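> Kindly return the folded structure for what I paste below:
(2 chains)
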2 protein chains.
Amino acid sequence: MRAVAALARRSVRAGSGRFLVEGPQGVRELVRYAAPSVVDLYVTAAAAQRYAALVESASAAGVFVHSVSDEVLAAMADAETPQGMLAVAQQPEPTLADVLAASPRLLVFLQEVRDPGNLGTVIRAADASGADAVLVTDSSVDVFSPKVVRSTAGSLFHLPVVTGLDAEATLAEVASHGIRTLATEGEAALTLPHVDLAGRHCWVLGTEAQGLPDHLAAACAERVSIPIYGKAESLNLAMAATICLYASAAAQHGTQ
Amino acid sequence: MRAVAALARRSVRAGSGRFLVEGPQGVRELVRYAAPSVVDLYVTAAAAQRYAALVESASAAGVFVHSVSDEVLAAMADAETPQGMLAVAQQPEPTLADVLAASPRLLVFLQEVRDPGNLGTVIRAADASGADAVLVTDSSVDVFSPKVVRSTAGSLFHLPVVTGLDAEATLAEVASHGIRTLATEGEAALTLPHVDLAGRHCWVLGTEAQGLPDHLAAACAERVSIPIYGKAESLNLAMAATICLYASAAAQHGTQ
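So this is what the prediction gives:
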């Protein structure tokens, strides 16, 4: 029980290669897309009844399901309301080479995201927009922290999220595969509606506070700004990523 | 000092008609766009130095500036890091009639938003997309709660946010002014890229968990879904609003 609760700490996750997936929505997507990675599933009696089909499909997929009391589940969980269900799973470890070998059309690269909710939301937006992968540097918040996992709403299991990357090497590697790198920058003269997004490309976003450092923006093929039509000074990272990714999806999928 | 701190409570705000604006970004936009509504501005010595131009422009605008110690500021603030600055202001009270009298082209109406960060982000997205106003029902989280104010990043002072509205009456009133009401709904057959957004319209969004109740969706002129290109089940409220509002801005402003 303490070993499970300890997975809320980054060092423990890094040492064990395991992480927590809390609540029925995350567990459902985990079981559906990555059942072999599930180490244990803990369920309260009430949740076992309420989510019977989910628990059954987990068992059928070979997942080891444990019944626990409400108190034990609460002690294991990071979330205030884990809704009676929590899984321990092995962290997926997709590599940049795997992602690039699959001829991706749409990628998003986060140079240094610190806020867990922002990272989770970008992963969810990438999934919704049909992006092929999310790329994250080693100086970003841990993708497997409970708060990031929760805020992806299951999207973490829908597309590869490559972590621990070096920014400059990654931009060079992506570009060398014929993927156009597009730096988002508030001051750029080229605005989003003027960018041709039909081809293969990778959005590159900087930190919440400072944006992208100049040497990284300069290393990208284009610098692009999102127009501000009102009086707002800027958009937050998750909003900017969502707008860019949905513009890409519209261009790549046509008007579905 | 206690009277200021008490403004973190909804009942105290409702009784006094005042609210807290924390941090230099919010205070700057408050002073710039609504200086007459500022009751008091509290600044630490360090912040007075760091944000000297801002404090000077507040004084010049007739704002009553008080020097306080770090401890007093921390005791008054709701935020963990108010960055040495905090204002008490009168709540603006724009009405739906005012908004509609100004011939708005783009509105967003939130039927029941509960999460402060979501509401703040929608107000910020509305501002960035050039929307004319945000409309919020009486069953939503309080727009003047410190967390909502912070997450608007100053946008609360850039456009009218009308609160305490009744959902059905508001939809009828908006429609009667020739503004097309567009309900966002995950299941709608009509998708965002197929909607003509050049004319006057109002986006109508439901709760984070359940979406829009059927009787309200039915009361709108159209039901519209945002396409999901990947495996995500849905988008969160703030992402959905941002995507819809930016699609509207692109249609109304052309490719600026």
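
> Count the residues that sit near A:H215.
Using other CB atoms under 10 Å in any protein chain shown, A:H215 is surrounded by 9 other residues. The way it works is simple: take the backbone N, C-alpha and C, and place the C-beta from them, glycine included.

> Kindly report the same for the one 5 residues further on.
When neighbours are counted by other CB under 10 Å, A:C220 registers 22.

> What of the one 3 residues further on?
Per other CB under 10 Å, the neighbour tally for A:R223 reads 19.

> Could you find the closest non-adjacent residue to A:A5?
In this structure, A:A5 finds its nearest non-sequential neighbour in A:M76, 5.1 Å apart by CB to CB, 6 or more residues apart in numbering or on different chains.

> where along chain A do the helices fall?
Secondary structure of chain A (DSSP state H): helices at A:2-5, A:10-16, A:24-34, A:45-50, A:52-60, A:70-76, A:96-101, A:116-128, A:146-151, A:167-176, A:214-218, A:237-253.

> Tell me which of these sits most buried.
Mean neighbour counts were compared across these using mean count of other CB atoms under 10 Å in any protein chain shown; the top stretch is helix A:116-128, at a mean of 27.

> What's the end-to-end length of stretch A:40-58?
10 Å (CA to CA, to the nearest Å).

> List the contacts of it.
A:4, A:24, A:27-28, A:31-32, A:35, A:38, A:63-70, A:72-73, A:76, A:83-88 (CB atoms under 8 Å, 6 or more residues apart in numbering or on different chains).

> So the residue nearest to A:A5 is in contact with A:M85, correct?
No. The criterion here is CB atoms under 8 Å, and A:M76 misses it with A:M85 at 10.7 Å.

> Export the helices of chain A to CSV and append columns for mean pLDDT and distance to B:L182.
CSV is the format used below for the helices of chain A (pLDDT from 0 to 100; distance: least, CB to CB, whole Å):
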stretch, mean pLDDT, distance to B:L182
helix A:2-5, 84, 45
helix A:10-16, 89, 43
helix A:24-34, 96, 27
helix A:45-50, 96, 35
helix A:52-60, 95, 34
helix A:70-76, 92, 42
helix A:96-101, 98, 37
helix A:116-128, 96, 19
helix A:146-151, 94, 27
helix A:167-176, 97, 37
helix A:214-218, 95, 36
helix A:237-253, 96, 17
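
> got those as TSV, with distance to B:A97 columns?
Compiled in TSV, these are given as follows (distance: least, CB to CB, whole Å):
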stretch	distance to B:A97
helix A:2-5	54
helix A:10-16	53
helix A:24-34	41
helix A:45-50	46
helix A:52-60	49
helix A:70-76	49
helix A:96-101	54
helix A:116-128	36
helix A:146-151	39
helix A:167-176	52
helix A:214-218	46
helix A:237-253	30
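
> Just give me the neighbour total for A:D40.
A count of neighbours around A:D40, defined by other CB under 10 Å, yields 14.

> On the pLDDT front, check it for me.
Per-residue pLDDT puts A:D40 at 95.

> Tell me how far A:A183 lies from B:P193.
Separation of A:A183 from B:P193 (CB to CB, to the nearest Å) stands at 26 Å.

> Of these two, which one has the most company?
Neighbour comparison, A:A183 and B:P193: the larger count goes to A:A183, with 26 against 16 (by other CB under 10 Å).

> what residues are up against that one?
So A:A183 contacts A:V204, A:G206, A:L212, A:L216, A:A217, A:C220, A:E222, A:R223, A:V224 (CB under 8 Å, 6+ apart).

> any idea which of these is closest to B:A250?
A:V224 (14.3 Å; CB to CB).

> Let's see the pLDDT reported for that closest one.
Listed pLDDT for A:V224 reads 97.

> That one contacts A:V195, doesn't it?
Yes. The pair A:V224 / A:V195 is scored as a contact, 5.5 Å apart, by CB under 8 Å.

> Next, show the common contact partners of the two.
Applying CB under 8 Å, 6+ apart, one finds that A:V224 and A:V195 are jointly contacted by A:L182.

> got the residues of the stretch 1-150 of chain A near chain B?
For the stretch 1-150 of chain A, the residues in contact with chain B (CB under 8 Å from any CB of the partner chain) are A:Q25, A:Y33, A:G117, A:T121, A:R124, A:A125, A:A126, A:D127, A:A128, A:S129, A:G130, A:A131.

> Can you check the distance spanned by stretch A:83-100, start to finish?
One end of stretch A:83-100 sits 37 Å from the other (CA to CA).

> what does stretch A:52-66 give?
Rule used - CA to CA; the end-to-end distance of stretch A:52-66 is 14 Å.

> Which parts of chain A belong to which domain?
A:2-90, A:96-253 (automatic domain parsing).

> Need those in a markdown table (columns: distance to B:E173).
Output for these, formatted as a markdown table (distance: least, CB to CB, whole Å):
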| stretch | distance to B:E173 |
| --- | --- |
| domain A:2-90 | 37 |
| domain A:96-253 | 23 |
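
> mind listing what the residue positioned nearest the centre of chain A touches?
For chain A, the residue nearest the mean C-alpha position is A:I123 (3.2 Å; CA atoms, centre = their mean). When contacts are counted by CB under 8 Å, 6+ apart, A:I123 touches A:V134, A:V143, A:V148, A:T152, A:S155, A:L156, A:L159, A:V161.

> roughly how far apart are A:D214 and chain B?
A:D214 is 23 Å from chain B, where distance means CB to the nearest CB, to the nearest Å.

> Hmm, I typed the wrong one, I wanted A:A52.
Counting by CB to the nearest CB, the gap from A:A52 to chain B is 20 Å.

> Over to A:V43?
Going from A:V43 to chain B by CB to the nearest CB gives 21 Å.

> For that residue, grab the count of nearby residues.
The number of residues packed near A:V43 is 24, by other CB under 10 Å.

> Is stretch A:193-200 positioned near chain B?
Yes. Interface with chain B: stretch A:193-200 contributes A:P193, A:H194 (CB under 8 Å from any CB).

> Start and end of that stretch, how far apart?
17 Å.

> Just the buried residues of it, please?
Buried residues in stretch A:193-200, defined by neighbour count with 16 or more other CB atoms under 10 Å in any protein chain shown: A:P193, A:V195, A:L197, A:R200.

> Figure out which of the domains of chain A is closest to B:S139.
Distance to B:S139, taken as CB to CB, is lowest for domain A:2-90 among the domains of chain A, at 21.0 Å.

> could you dump stretch A:213-230 to CSV, C-alpha only?
What follows is stretch A:213-230 as a C-alpha-only set of coordinates in CSV (Å, rounded to 0.1, in the frame of the first residue of the first chain):
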residue,chain,number,x,y,z
PRO,A,213,14.3,30.7,-26.3
ASP,A,214,15.6,32.5,-29.3
HIS,A,215,18.2,29.9,-30.3
LEU,A,216,15.5,27.2,-30.5
ALA,A,217,13.1,29.4,-32.4
ALA,A,218,15.9,30.2,-34.8
ALA,A,219,16.6,26.5,-35.3
CYS,A,220,13.0,25.9,-36.5
ALA,A,221,12.0,26.2,-40.2
GLU,A,222,9.3,28.9,-39.5
ARG,A,223,8.2,31.2,-36.6
VAL,A,224,4.5,31.5,-36.3
SER,A,225,2.2,33.7,-34.2
ILE,A,226,-1.4,33.1,-33.2
PRO,A,227,-3.3,36.3,-33.9
ILE,A,228,-4.8,38.1,-30.9
TYR,A,229,-8.0,39.8,-32.0
GLY,A,230,-8.9,41.4,-28.7
